[in-house]
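Colleague: all I have is the shape, not the residue letters:
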């Protein structure tokens, strides 16, 4: 298989795609990025994580492209300089938190700098702390932070409730927020222009690269918008049927080198 024509930039999701379930960036994944650069193909990352939660990936890959945190809610340069930040409208943030509560999910709130939770021992807090490498701040009332919210997360291990909450947020807040699951147990609510599709737009404009020359890799429903914007898309084998059906190709699961295999086979033509 030959390299698909005119792929000039590759944009990858992080959790569930670029790294393993243990959040490890494998040697083969690093090599795949190196081979892209050797071919003159730029490489960028986007994630629901805060930008500072991707610093270890930035350092490991020596990125030279903007980092899109919060699904595109905050863009930073690799040196940490903020390029842009999109906050959720206050009324929409309040309503999103109310809807999250009605579905018995726990709400988290992120500003560009900090992460707030109601209970430091709550579900998935320890896991998220280990993933992003910084601690949450405890706040029983999010009111003081609503004007600065760049992402609100609904968290629960009741996966059906998370999916139902996603649908209700989209219906009630259409045009005011973007609501999509970044993990089966996380519902990310961001500014309506803070989507991974908008990340493709940003990178296209930044580098003067047509969107049909951009390839994307992901695994979750919030990756579908960037699949639709890009010329070539690769879903990980661990993706749901909903996600796989939206991709050009399906690779192996992320735990089985799905990122590296996808790049090697469908972009580099190895």
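Modeller: Great, that's in hand. This is a predicted model, so every value here is computed, not measured.
Colleague: let me know the secondary structure of residue 10.
Modeller: strand (DSSP: H, G, I helix; E, B strand; the rest coil).
Colleague: for it, list the residues it contacts.
Modeller: With contact set as Cβ atoms under 8 Å, 6 or more residues apart in numbering, residue 10 has these partners: 36, 41, 42, 43, 44, 214, 215, 216, 217, 263, 267. (Glycine included, C-beta is placed from N, CA and C.)
Colleague: give me that answer again for 7 Å
Modeller: 36, 41, 43, 215, 263, 267 (Cβ atoms under 7 Å, 6 or more residues apart in numbering).
Colleague: kindly tell me how buried the third one is, as a neighbour count.
Modeller: The number of residues packed around residue 43, counting by other Cβ atoms under 10 Å, is 20.
Colleague: what separation do you get for it and residue 184?
Modeller: Distance of residue 43 to residue 184, given as Cβ to Cβ, to the nearest Å: 27 Å.
Colleague: could you verify my assumption that residue 242 touches residue 223?
Modeller: No. Residue 242 lies out of contact with residue 223 (Cβ atoms under 7 Å); the separation is 10.7 Å.
Colleague: so the two - more neighbours on which side?
Modeller: residue 223 (30 against 11).
Colleague: assign a three-state SS to that one, would you?
Modeller: Residue 223 is classified as helix under three-state DSSP.
Colleague: can you flag which of the contacts of residue 10 belong to strands?
Modeller: 43, 215 (DSSP state E).
Colleague: CSV please, covering the contacts of residue 10 and showing distance to residue 90.
Modeller: Shown next, in CSV, are those (distance: Cβ to Cβ, whole Å):
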residue, distance to residue 90
36, 41
41, 41
43, 36
215, 37
263, 41
267, 42
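Colleague: filter the contacts of residue 10 down to the buried ones.
Modeller: 36, 41, 43, 215, 263, 267 (16 or more other Cβ atoms under 10 Å).
Colleague: nearest to residue 253, of these?
Modeller: residue 263 (14.8 Å; Cβ to Cβ).
Colleague: and residue 199, how many neighbours?
Modeller: If we define neighbours as other Cβ under 10 Å, then residue 199 has 26 of them.
Colleague: what's near enough to touch the nearest residue in space to residue 156 that is not next to it in sequence?
Modeller: Excluding its sequence neighbours, the residue lying closest to residue 156 (Cβ to Cβ, 6 or more residues apart in numbering) is residue 105, at 4.3 Å. Contacts for residue 105 (Cβ under 7 Å, 6+ apart) come out as 154, 155, 156, 161, 162, 165, 187.
Colleague: please repeat the previous calculation with a cut-off of 8 Å.
Modeller: Counted by Cβ under 8 Å, 6+ apart, residue 105 has contacts 154, 155, 156, 158, 161, 162, 165, 187.
Colleague: filter those to the buried ones?
Modeller: For the contacts of residue 105, buried by 16+ other Cβ under 10 Å: 154, 155, 156, 161, 162, 165, 187.
Colleague: with secondary structure, distance to residue 22 and pLDDT added, can I get those in a markdown table?
Modeller: Conversion of the buried ones among the contacts of residue 105 to a markdown table gives the following (DSSP: H, G, I helix; E, B strand; the rest coil; distance: Cβ to Cβ, whole Å; pLDDT from 0 to 100):
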| residue | secondary structure | distance to residue 22 | pLDDT |
| --- | --- | --- | --- |
| 154 | strand | 25 | 98 |
| 155 | strand | 20 | 98 |
| 156 | coil | 23 | 98 |
| 161 | helix | 27 | 98 |
| 162 | helix | 23 | 98 |
| 165 | helix | 28 | 98 |
| 187 | strand | 24 | 97 |
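Colleague: closest to residue 72 among the residues you listed?
Modeller: Closest to residue 72, out of all of the buried ones among the contacts of residue 105 and judged by Cβ to Cβ, is residue 187, at 16.3 Å.
Colleague: for the closest one, name its beta-bridge partners.
Modeller: Using DSSP bridges, the bridge partners assigned to residue 187 are residue 154, residue 181.
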